[in-house]
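Colleague: Got a sequence here, can you model it:
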Amino acid sequence: MKQAIKQIEGGVCAAKGYSAAGVNCGIRKNKLKKDLALIVSAAPAACACVYTQNLVQGAPIAVTKENVANGFAQAIICNSGNANTCNSNGVEIAQKMCQLVGETLGIPPSDVVVASTGVIGKPLSIEPIASGIPVLAGLLALDSNGAAEAIMTTDVKKKEIAVEFILGGTVCRMGGIAKGSGMIQPNMATMLGFITTDAAITPQMLQKALSADVPESFNMVSIDGDTSTNDMVTVLANGLAGNPVIDSEGADYDAFCSALHEVTLYLTRAIAGDGEGATKLIVCSVSGAADTASAKKLAKSVINSPLVKCAMFGADANWGRVLCALGYAGIPLDVHKIGVTFASASGKVAVCQNGSGLDFSEEQAKIVLTEPEIEILITLAEGDSSATAYGCDLTYDYVKINGDYRT
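Modeller: Take a look at the predicted model:
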């Protein structure tokens with residue numbers, strides 16, 4: 001029998017032993033925007049990470065990889081407003097951030113995960129961070145709001161969630177925060193995501209769970225087709241819940257993976273719906289594909305299409321653009337067996353069957369496509385596999401935001 005997973009409050013501080021804080025330390029000129037976040041576990045935690053596949057990577061990724069090579073960490077420090085990427089002293093800055101956190105908290109610098117997000121190629125001074133870390137440490141509390149705000153860049157909304165679940169008869173909790181609004185089409189990682197849990201699990205099984213989950217959650221979101229240089233997802237598991245340690249596959253491992261997916265999928269949808277300038281979350285589901293890889297590629301081809309995204313912004317049921325995106329995805333298809341339906345809280349409108357258009361009410365379609373969450377349901381006749389991708393519409397504001405992002 002599948003154990004229930006219950007959403008609760010608390011974000012990354014919902015699980016036992018975690019505290020967090022966020023401040024403006026001076027990286028951002030706008031003093032009303034927090035730019036430095038700290039998440040701390042009361043005990044050393046198993047740690048798992050996934051990273052961007054972009055060949056140009058932020059210095060914090062190199063430092064974090066080295067620090068968590070032993071499978072453990074106890075704190076996460078993250079700044080926004082500057083990516084610390086393509087800087088000659090980037091690694092030195094990232095290492096210094098870990099050193100300062102270690103000295104302030106009384107833990108080894110190697111037990112610190114470091115992350116940065118913001119403008120690429122802009123020099124980053126350690127001075128504001130050095131002055132901000134002691135302030136952060138003094139503000140640590142059971143409140144993840146400050147940290148969730150401090151990792152945001154062009155995000156409009158905070159992204160956080162927490163759940164409660166059962167492992168071996170023991171109540172466990174897991175929470176997460178994420179940032180991501182633009183430059184998002186990850187490949188084995190995503191934007192920035194930090195997840196905490198009090199469940200007891202070995203680093204090896206934690207990494208296995210995260211690596212299996214990401215291709216089905218974060219890797220299925222795309223805002224604009226660009227892969228960031230700083231994408232990272234980190235999970236800490238400190239074991240303070242007291243459940244029997246998960247060291248192999250089985251019922252408890254499956255229950256843990258289900259809870260993890262609940263958290264990652266929520267954050268995935270939140271990231272997609274808060275794309276730069278977005279007004280709508282678009283969910284594209286492909287069924288009847290020959291295999292899962294094909295279904296994923298087809299769903300993301302539709303989500304990535306600028307013309308499909310523009311049509312959704314204008315509430316235009318231009319289903320031809322959907323077929324066009326399917327046709328150039330590089331997957332063999334019988335185009336004469338494709339079906340397309342648009343759906344939302346206002347209803348469903350079938351617009352294409354067997355690769356040809358159907359008579360439908362443009363007025364009803366407009367009503368369906370005006371909702372804040374739109375589904376594009378695609379049926380094929382190639383097999384039994386399916387996949388879902390998440391994205392958003394393309395608006396005037398996306399160009400405006402990215403036209404002067406640096407200046």
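
Colleague: pull the longest helix from this structure.
Modeller: In the chain, ranked by residue count with DSSP state H as the criterion, the top helix is helix 251-273.

Colleague: could you dump that one to PDB, C-alpha only?
Modeller: Presented in PDB, the C-alpha positions along helix 251-273 are these (Å, rounded to 0.1, in the frame of the first residue of the first chain):
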ATOM      1  CA  ALA A 251       9.800  -0.200   0.100                       C
ATOM      2  CA  ASP A 252      11.400   2.600   2.100                       C
ATOM      3  CA  TYR A 253      13.600   3.600  -0.800                       C
ATOM      4  CA  ASP A 254      10.600   3.700  -3.100                       C
ATOM      5  CA  ALA A 255       8.700   5.800  -0.500                       C
ATOM      6  CA  PHE A 256      11.600   8.200  -0.300                       C
ATOM      7  CA  CYS A 257      11.800   8.500  -4.000                       C
ATOM      8  CA  SER A 258       8.000   9.300  -4.100                       C
ATOM      9  CA  ALA A 259       8.500  12.100  -1.600                       C
ATOM     10  CA  LEU A 260      11.500  13.400  -3.500                       C
ATOM     11  CA  HIS A 261       9.500  13.500  -6.700                       C
ATOM     12  CA  GLU A 262       6.600  15.300  -5.000                       C
ATOM     13  CA  VAL A 263       9.000  18.100  -4.100                       C
ATOM     14  CA  THR A 264      10.900  18.200  -7.400                       C
ATOM     15  CA  LEU A 265       7.800  18.200  -9.500                       C
ATOM     16  CA  TYR A 266       6.200  21.000  -7.500                       C
ATOM     17  CA  LEU A 267       9.400  23.100  -7.900                       C
ATOM     18  CA  THR A 268       9.600  22.200 -11.600                       C
ATOM     19  CA  ARG A 269       6.000  23.400 -12.200                       C
ATOM     20  CA  ALA A 270       6.700  26.600 -10.200                       C
ATOM     21  CA  ILE A 271       9.800  27.300 -12.200                       C
ATOM     22  CA  ALA A 272       8.000  26.800 -15.500                       C
ATOM     23  CA  GLY A 273       5.100  29.000 -14.500                       C
END
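
Colleague: Please name every helix or strand in contact with that helix.
Modeller: Contacts of helix 251-273 with other secondary structure elements, assessed using 3 or more C-beta pairs under 8 Å, 6 or more residues apart in numbering; DSSP states H and E, are made with strand 159-167, strand 170-179, strand 192-197, helix 203-213, strand 281-289, strand 385-392. All C-beta atoms are positioned from the backbone trio N, CA, C, and that covers glycine.

Colleague: Deepest-packed of those, please.
Modeller: strand 192-197 (a mean of 30; mean count of other C-beta atoms under 10 Å).
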